[in-house]
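S.K.: make a model of this:
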Amino acid sequence: METDFTDQAHAAVCKLYGEAVYQLVAAGRLVTNESLAEAIEELSEQEPDLAVDFALQLLK
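M.R.: Residues are numbered from 1 along each chain as shown. Now for the predicted structure:
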């Protein structure tokens, strides 16, 4: 069961990073830890999300 959660969390974080990078590149912005964090926060729409929490923690 732990592996299942870990796999799902990994997939969710990867998807989130991919969406954030896509947004940044499409907007012509540099991809940095700061810009990724901003894009991830925009994508989260201020809703509680464990993937968002994990992704932001990895950028620190």
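
S.K.: wait, L58 sits on C14?
M.R.: No - the pair L58 / C14 is not scored as a contact, 10.8 Å apart, by Cβ atoms under 8 Å. (Glycine included, C-beta is placed from N, CA and C.)

S.K.: tell me which other helices or strands the helix or strand where A39 lies touches.
M.R.: Assessed by DSSP states H and E, A39 sits inside helix 33-44. Other helices and strands packing on helix 33-44, by 3 or more Cβ pairs under 8 Å, 6 or more residues apart in numbering; DSSP states H and E, are helix 2-26, helix 50-59.

S.K.: highest mean neighbour count out of those?
M.R.: Neighbour counts (mean count of other Cβ atoms under 10 Å) averaged over each of the helices and strands packed on helix 33-44 peak at helix 50-59, with a mean of 15.

S.K.: list the residues that contact L58.
M.R.: L58 sits next to V13 when contact means Cβ atoms under 8 Å, 6 or more residues apart in numbering.

S.K.: okay, the helices and strands packed on helix 33-44 in TSV with mean pLDDT next?
M.R.: What follows is those, written out as TSV (pLDDT from 0 to 100):
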stretch	mean pLDDT
helix 2-26	92
helix 50-59	92
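
S.K.: quick one: which of those is nearest E41?
M.R.: helix 50-59 (7.5 Å; Cβ to Cβ).
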